[in-house]
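1. Test case, fold it:
(chains A and B, ligands or ions: 4)
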Amino acid sequence: MNNNYYIDSKQLGIFLNRLNDNFRVFVPAVKEEEGSKEPDYFYKNLSDNQDLVFNPYRSVEPLKSFFTSPQERISTYFTAKSIIETPAKTVIFGLKNCDLVGHKIQDFVFLEGVEKDTLYRLKRENTIFISGDCTDFKEVCHCLAWNIMPYPKEGFDINISPLNDGFLLEVGSEKGWQLIQQFKEYFILAKEAQIATRRLKRESLVERLKNHLDPQNLVPKDKVQEIVKSGYDADTWQQFMLTCVECGGCNLICDTCHCFLIDDVKEKNQNAKVRVWDSCLYANYARVAGGANPLKLRKQRLRNRFMKKFDFFVENLGMPACCGCGRCIEVCPGKIDIREVLKDLAKKAGSKQ
Amino acid sequence: MKNIYKPIEATIEDIIDETPNIKTFVLKPREPFEFKTGQFIELTLPGIGEAPFTPSSDPNVKEKIDVTIMNVGRVTSLLHNVSKNTLVGIRGPYGKGYPTDEFAGKEILIVGGGVGLAPLRSLLLSLFAQIDQYKKVVLRYGARTPSDILYKELIPQWSKKKKVNVVTTVDVGEKSWKGHVGLVTTILEDLPIKLNNAVSIVCGPPIMMKFVTLKLLDLGFKPENIYLSMEKNMSCGLGKCGHCRLGKFYVCKDGPVFSYEQLQDVRDIWD
Ligand SMILES: Cc1cc2nc3c(=O)[nH]c(=O)nc-3n(C[C@H](O)[C@H](O)[C@H](O)COP(=O)(O)OP(=O)(O)OC[C@H]3O[C@@H](n4cnc5c(N)ncnc54)[C@H](O)[C@@H]3O)c2cc1C
Ligand code: SF4
Ligand code: SF4
Ligand code: FES
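-> Ligands and ions are numbered 1, 2, ... in the order given. Here you go, the predicted model:
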């Protein structure tokens, strides 16, 4: 079955505007910083008749921020009222493959295990992912090092690839298929030649990204677990933590980091539980009563971050908790670069034998 | 729709002073609530905070749950100040609990330190309830001083039971104390058990667990026959918040009870 359609640019804008009647539609907006080489993209609510921006690479915000928040009420109690309501139907346009792959970690955390998080599940069920191929990359992008392609293969409802004056659309799920059916008038079945062109464009970007990454000699996916484990006692942690100011930015911006704390608050006629994103770089992250703290030192906490990503998740889910988006690299005021930390560990692991 | 973070209501029916800084709270849940011995709950002081505790009561008693709580910080000190009939919240039960089925036909050595006797009381009570299934129960308990000993009235009753052997020690004695003085490891010599058919269960502060484990290994216990209650910072209790990671495990969902065999290769487990 052909799952591919063509739509011209103008029609795509109209299509999304039509969706705006029934969904909250989020689209990327560009923000060019004075003096910065790369423009950044942030999500905005689609406003009426707004020109559509196709982001060439991922947004600044992680996808997780649509499903959990830095701070949110997750339960009220000792009251009949429930805060679990059906969340607004949402469309997110412009996701990239790193977002989709990284999001597997969030899904694993909140949708599997001993119990499912109902709030998360409802948001997930009510959200449609319209992803897109990357047509460019940021300096920090290193998806390919983890064998993640700069174009989605799965995990989307609809994926779009720029093609001449329009876009090729691939349907990835039942939800996506229903949308296409509902707005049939905008879509034309794609031709073989168009699909071939998409392949060429993808290959050409992969080639460019390879040329960007090859000289960096990054740690490969199949070695990373062994490298962090054998680097447990390396002085890498001590060396790299020196510039960490414990802002937690690396965790909060990361699409795979998921740690949170539950706090209780008193409200007018009820009590509530509030979930707050936490960071394993914060000094109190692992503190227990009486003041004992297994992650007392900053170097232990930095190491914890890597052990969680590259040992724990490989062990429990079969994939590292990093999608190579590079967000943590951009955000870190201490200029701590995850690629460099891993390379340093690899170097030391290599020289040890 | 089920909200996994929402606690159910429970009233504090009674509060028992155990030691100068430990109290037992008798909770009556307003909805049915069952647990297996060794599983834990998250106890909420409404609008203030929650913390993990392992019930200290017999899991066969369904209508009430005891939790024995040491006053160590923000939530626990406020808990120590509430009065009877206060409404609290409970979530859970969480974790795997003690694998009591595997103890059938065995001699069971239980080593406790300080408030670590609380979860062990629940275990002891559930073992006593089916004592014919086990060869023997040997309890070794250490507290800091005589007044820090938990369940002062119960321990003498337990030691009179058939198939049960109890020795208590304190780190620092006082005039009226006639018993052992010394760390709990000093009462692990000459244990009245046969190693080839014994399991051991340890619960106490990390430093005590470390030295007891080393001692038990030294005595010849196999790593798979030593069970440890690991304590980590916890928030969700559900394997989601990330805080309680221990190597490839989450203590809340894969524990809190682990065999030493499971943990042998995990770094820094006693920190
Ligand atoms: C599985 C499990 C079972 C436990 N059972 C008992 C018990 O039966 N009796 C008993 O007295 N104590 C028990 N504890 C320890 C008890 O949870 C802590 O004493 C309590 O969390 C302290 O809270 P606080 O606010 O008074 O202390 P503070 O020092 O003011 O705060 C400690 C902070 O760390 C957080 N925290 C999370 N996990 C822990 C932890 N494990 N220890 C300490 N702080 C933690 C608290 O939520 C809080 O934010 C148990 C702990 C665990 C993990
Ligand atoms: S972003 Fe950098 S400075 Fe901030 S906590 Fe992470 S490593 Fe430390
Ligand atoms: S660790 Fe850094 S590069 Fe990896 S997913 Fe998180 S933010 Fe992106
Ligand atoms: S307490 Fe949240 S993951 Fe274990």
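2. Please count neighbours and contacts with C-alpha atoms only from this point.
-> Fine.
3. Mind pulling up the pLDDT for residue A:80?
-> According to the prediction, residue A:80 has pLDDT 68.
4. Please read the previous query as pertaining to residue A:62.
-> At residue A:62, the pLDDT recorded in the model is 97.
5. can you check residue A:350 too?
-> The model reports residue A:350 with a pLDDT of 65.
6. Same question for residue A:3.
-> pLDDT for residue A:3: 88.
7. So it sits against residue A:168, correct?
-> No - with contacts counted by CA atoms under 8 Å, residue A:3 stays clear of residue A:168, the gap being 10.2 Å.
8. Between the two, which is the more surrounded one?
-> Taking other CA atoms under 10 Å in any protein chain shown, residue A:3 and residue A:168 do not tie; residue A:168 has more neighbours (25 against 13).
9. what element comes up after the helix ranked longest in chain A heading to the C-terminus?
-> With residue count as the measure and DSSP state H as the assignment, chain A has helix A:192-213 as its longest helix. Using DSSP states H and E, the helix or strand that follows helix A:192-213 towards the C-terminus is helix A:221-230.
10. What lies in contact with that next one?
-> Contact with helix A:221-230 is made by A:145-147, A:306-307, A:310-311, A:314, A:320, A:342, A:345-346, A:349, as judged by CA atoms under 8 Å, 6 or more residues apart in numbering or on different chains.
11. what do you get for stretch A:132-141?
-> Residues from elsewhere that reach stretch A:132-141 (CA under 8 Å, 6+ apart): A:38, A:55-58, A:93-97, A:150-152, A:159-162, A:202, A:205, A:209, A:324-327, A:329-330.
12. Please enumerate the helices of chain A.
-> Counting by DSSP H, residue ranges of the helices within chain A are A:9-19, A:97-111, A:118-125, A:174-182, A:192-213, A:221-230, A:236-241, A:249-253, A:298-307, A:313-317, A:327-331, A:338-352.
13. and of those helices, who's closest to residue B:40?
-> Proximity to residue B:40, assessed across the helices of chain A by CA to CA, is greatest for helix A:97-111 (20.7 Å).
14. which other helices and strands contact that closest one?
-> Other helices and strands packing on helix A:97-111, by 3 or more CA pairs under 8 Å, 6 or more residues apart in numbering or on different chains; DSSP states H and E, are helix A:118-125.
15. buried set for the helix it packs on?
-> Along helix A:118-125, these residues count as buried under the neighbour rule (16 or more other CA atoms under 10 Å in any protein chain shown): A:118-120, A:122-124.
16. Low-confidence stretches in the stretch 51-200 of chain A?
-> When residues are selected by pLDDT under 70, those of the stretch 51-200 of chain A lie in A:80-83.
17. Can you name the residue of it nearest ligand 3?
-> For the stretch 51-200 of chain A, the residue positioned closest to ligand 3 under CA to the nearest ligand atom is residue A:102, at a distance of 6.2 Å.
18. That residue and residue A:255 touch, don't they?
-> Yes - under the criterion of CA under 8 Å, residue A:102 is in contact with residue A:255, at a separation of 5.7 Å.
19. Mind checking which of these two has more residues around it?
-> Taking neighbours as other CA under 10 Å, residue A:102 and residue A:255 compare with residue A:255 leading, 29 against 24.
20. Just give the closest residue to the more buried one, not the sequence neighbours.
-> Setting aside the residues directly before and after it, residue A:255 is nearest to residue A:62 in space (CA to CA, 6 or more residues apart in numbering or on different chains), at 5.0 Å.
21. For the one you found, give me its contacts.
-> With contacts taken as CA under 8 Å, 6+ apart, residue A:62 has the following neighbours: A:99, A:253-255.
22. Which one (most neighbours) among those residues?
-> The most crowded member of the contacts of residue A:62 is residue A:255, carrying 29 neighbours; neighbours defined as other CA under 10 Å.
23. I'd like the distance between that one and chain B.
-> Counting by CA to the nearest CA, to the nearest Å, the gap from residue A:255 to chain B is 15 Å.
24. Contact partners for that residue?
-> Contact analysis of residue A:255 by CA under 8 Å, 6+ apart lists A:62-64, A:99, A:102-103, A:106, A:322.
25. List just the nearest of these to residue A:240.
-> For those, the nearest to residue A:240 is residue A:322 (18.6 Å; CA to CA).
26. Tell me which helix or strand residue B:17 sits in.
-> For residue B:17, the enclosing helix or strand under DSSP H and E is strand B:8-19.
27. Paired strands for the helix or strand just after that strand, with orientation please.
-> For strand B:8-19, the following helix or strand on the C-terminal side (DSSP H and E) is strand B:22-29. Each strand paired with strand B:22-29, and its direction, by DSSP bridges: strand B:8-19 (antiparallel), strand B:65-70 (antiparallel).
28. Let me know which of these is tucked in deepest.
-> Comparing the strands paired with strand B:22-29 on average neighbours per residue, with mean count of other CA atoms under 10 Å in any protein chain shown, the densest one is strand B:65-70 at a mean of 23.
29. low pLDDT regions in the stretch 51-200 of chain B?
-> Residue ranges of the stretch 51-200 of chain B with pLDDT under 70: none are present.
30. so what's the residue in the stretch 101-250 of chain A that chain B sits nearest to up against?
-> Per CA to the nearest CA, residue A:109 is where the stretch 101-250 of chain A lies closest to chain B, at 5.6 Å. With contact set as CA under 8 Å, 6+ apart, residue A:109 has these partners: A:258, B:239-240.
31. Can you go through the residues you listed and name the buried ones?
-> A residue is treated as buried here by neighbour count (16+ other CA under 10 Å); on that basis the buried members of the contacts of residue A:109 are A:258, B:239-240.
32. Any chance of a markdown table for those residues, columns distance to residue A:222 and pLDDT?
-> Formatted as a markdown table, the buried ones among the contacts of residue A:109 follow (distance: CA to CA, whole Å; pLDDT from 0 to 100):
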| residue | distance to residue A:222 | pLDDT |
| --- | --- | --- |
| A:258 | 23 | 97 |
| B:239 | 26 | 96 |
| B:240 | 26 | 97 |
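33. Up against ligand 3, what does chain B have?
-> Counting by CA under 6 Å from any ligand atom, no residue of chain B lies close to ligand 3.
34. In chain B, which residue sits nearest ligand 3?
-> residue B:242 (15.1 Å).
35. element containing that residue, please.
-> Once you assign secondary structure using DSSP H and E, residue B:242 falls outside every helix and strand.
36. Any chance of the backbone angles for it?
-> Geometry field for residue B:242 lists phi and psi as phi 90, psi -10, criterion degrees, to the nearest 10.
37. Return the residues in contact with it.
-> Neighbour list for residue B:242: A:258-260, B:250 [criterion: CA under 8 Å, 6+ apart].
38. circling back to that earlier point, with distance to ligand 3 as added columns, please give the contacts of residue A:62 in CSV.
-> As requested, the contacts of residue A:62 are exported to CSV (distance: CA to the nearest ligand atom, whole Å):
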residue, distance to ligand 3
A:99, 8
A:253, 6
A:254, 4
A:255, 5
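39. biggest separation within those residues, which pair?
-> The most widely separated members of the contacts of residue A:62 are A:99 and A:253, with 11.9 Å between them, by CA to CA.
40. What segments of the stretch 1-150 of chain A are strands?
-> Under the criterion DSSP state E, counting those that start in this stretch, the stretch 1-150 of chain A contains strands at A:4-8, A:24-31, A:40-45, A:71-77, A:90-95, A:127-132.
41. and of those strands, who's closest to residue B:226?
-> Within the strands of the stretch 1-150 of chain A, the stretch nearest residue B:226 is strand A:71-77; the backing value is 38.5 Å (CA to CA).
42. ok so, going back, out of the contacts of helix A:221-230, who's near chain B?
-> Among those, the residues within reach of chain B (CA under 8 Å from any CA of the partner chain) are residue A:311.
43. what about the closest residue in space to residue A:303 that isn't next to it in sequence, distance to residue A:145?
-> The spatial neighbour of residue A:303 that comes closest, neighbours along the chain excluded (CA to CA, 6+ apart), is residue A:237 at 6.1 Å. For residue A:237, the distance to residue A:145 (CA to CA, to the nearest Å) stands at 22 Å.
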